[in-house]
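Asks: curious how this folds, go ahead:
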Amino acid sequence: MFHLTRFRNPIPHFVKVWRTRPAEAASFSLIIFLAVLVYYYGTFIILPEILEGHHLIIKIALNFLLPNWIFFAVLSNMILIQVRDSSIRNKFLAQPVLKPPPPSVATINGDAGDTAQAYDKDHELKERTKYIGQHFVATPFQDDQIWHICAACEIFVPPRTWHCHSCNTCILRRDHHCIITMGCIGEENHCNFIGMLFYVALGTSLASTFSLIYHVYFVEVVWWMFLLKCFVPYFTIFYDPSALNILSGITLVGQWPAWGMFSYYLYLALRGQTSADFSRGIRRAPAGSKTFSFQNMKMLLGPNPLLRILWPYHQVIIQSIDEQHDQTDRKGL
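Replies: You can find the predicted model right below:
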């Protein structure tokens with residue numbers, strides 16, 4: 001499950017994004033800053049107060065292991081999304097082989113020195129042109145089961161590969177371009193993106209729960225007043241602008257979109273789809289199979305998909321050249 005190769009240095013990538021796409025770099029920096037603040041206030045201020053007097057094992061589990069693992073997983077996934085490059089750069093794409101048509105059947109004219117023509121050049125050219133027309137299209141939309149031409153990259157690319165104008169390259173099994181992580185989500189970092197969503201949702205939920213317990217039982221704030229401060233930013237900013245109240249509001253409100261996005265991408269994974277497939281109405285489950293199944297999830301994310309989501313440093317599975325020849329689709333298997 002460990003795979004630490006094929007990485008690119010994230011520092012030059014971050015500098016390049018900061019120069020060309022400053023909004024994405026600012027979003028990434030803001031998320032990292034908020035994650036550090038939530039981690040600090042939860043680990044060093046709220047949890048020690050709540051767990052005072054509890055058994056040492058509980059303190060180690062809840063105040064050290066759990067928050068540190070969630071914080072480590074969020075940061076690792078955000079960085080791995082950048083360094084695990086899903087683009088076609090420096091990759092060998094094994095295009096389908098254009099097989100020559102069978103030799104045309106020629107007749108013998110009866111002359112002694114005359115033999116049958118085994119290969120008709122005109123017929124071969126017509127067959128090759130027909131093959132290209134049937135197996136390659138310019139920009140498939142409703143059906144991308146075949147290789148197609150990227151006009152920007154000027155190259156044949158596999159199915160589910162789309163050009164990203166922000167990254168200025170084609171992305172293998174492209175899902176979308178993530179502004180927060182400053183990179184495209186593709187076949188090599190799809191599990192890291194879903195894992196990041198899961199740990200962000202879990203971390204914000206735990207932070208908001210412990211924050212509610214801390215304010216109600218230790219600060220002795222009425223619970224509905226605490227919820228008012230969290231859900232009404234105007235009240236918090238102008239009447240009680242403490243850092244704890246602001247962070248509590250961020251975690252309490254932020255957990256819902258985080259869980260919503262994680263549920264959406266888990267739903268797509270069970271269908272074997274990317275968000276690009278879903279928006280185009282392309283069904284990925286094999287004919288005759290269930291629409292939702294764990295097998296579809298394995299086809300999309302690879303073997304042991306749940307472990308690959310939970311463990312950021314999972315092995316990236318890349319198709320071999322033979323598999324690319326045998327299959328017209330790249331699904332990470």
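Asks: after the helix or strand containing His177 comes which helix or strand?
Replies: Assessed by DSSP states H and E, His177 sits inside strand 176-178. Using DSSP H and E, the helix or strand that follows strand 176-178 in sequence is strand 183-185.
Asks: for the stretch 101-250 of the chain, which segments count as helices?
Replies: Here the stretch 101-250 of the chain has its helices, by DSSP state H, counting those that start in this stretch, at 121-135, 190-217, 223-231, 233-239, 243-271.
Asks: packing partners for the third one?
Replies: Using 3 or more Cβ pairs under 8 Å, 6 or more residues apart in numbering; DSSP states H and E as the contact test, the elements touching helix 223-231 are helix 190-217, helix 233-239, helix 243-271. C-betas here are computed from N, CA, C, even on glycine.
Asks: tell me where the stretch 1-150 of the chain has strands.
Replies: Remark: strands assigned in the stretch 1-150 of the chain by DSSP state E, counting those that start in this stretch are 148-150.
Asks: what about this protein, any weak spots by pLDDT?
Replies: In the predicted model of the chain, residues 1-10, 94-145, 230-241, 286-287, 317-333 satisfy pLDDT under 70.
Asks: okay, the helices of the stretch 101-250 of the chain in a markdown table with mean neighbour count and distance to Gly281 next?
Replies: Formatted as a markdown table, the helices of the stretch 101-250 of the chain follow (neighbours: other Cβ atoms under 10 Å; distance: least, Cβ to Cβ, whole Å):
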| stretch | mean neighbour count | distance to Gly281 |
| --- | --- | --- |
| helix 121-135 | 12 | 22 |
| helix 190-217 | 22 | 20 |
| helix 223-231 | 16 | 37 |
| helix 233-239 | 12 | 38 |
| helix 243-271 | 18 | 12 |
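Asks: export the ones you listed as JSON lines, with columns for distance to Ala61.
Replies: As requested, the helices of the stretch 101-250 of the chain are exported to JSON lines (distance: least, Cβ to Cβ, whole Å):
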{"stretch": "helix 121-135", "distance to Ala61": "56"}
{"stretch": "helix 190-217", "distance to Ala61": "12"}
{"stretch": "helix 223-231", "distance to Ala61": "26"}
{"stretch": "helix 233-239", "distance to Ala61": "31"}
{"stretch": "helix 243-271", "distance to Ala61": "20"}
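Asks: center of the protein - which residue?
Replies: With distances taken as Cα atoms, centre = their mean, His190 lies nearest the centre of the chain, 2.8 Å away.
Asks: what's across from the closest residue to Trp147 other than its chain neighbours in the sheet?
Replies: Distances taken as Cβ to Cβ, 6 or more residues apart in numbering put Phe156 closest to Trp147, at 5.1 Å, once the chain neighbours are dropped. Note on Phe156: beta-bridge partners Ile149, judged by DSSP bridges.
Asks: for Phe156, grab the count of nearby residues.
Replies: 16 (other Cβ atoms under 10 Å).
Asks: what sits against the nearest residue to Val38 once chain neighbours are set aside?
Replies: Distances taken as Cβ to Cβ, 6+ apart place Ala207 nearest to Val38, at 5.3 Å, with adjacent residues excluded. Applying Cβ atoms under 8 Å, 6 or more residues apart in numbering to Ala207 gives the contacts Val38, Gly42, Leu247, Ser248, Thr251.
Asks: and what of Ile31?
Replies: By Cβ under 8 Å, 6+ apart, the contact list for Ile31 reads Met78, Ile180.
Asks: touching, Phe210 and Tyr41? I think so.
Replies: No: using Cβ atoms under 8 Å, Phe210 makes no contact with Tyr41, being 9.9 Å away.
Asks: and for the two, which residues touch both?
Replies: Contacts common to Phe210 and Tyr41, judged by Cβ under 8 Å, 6+ apart, are absent.
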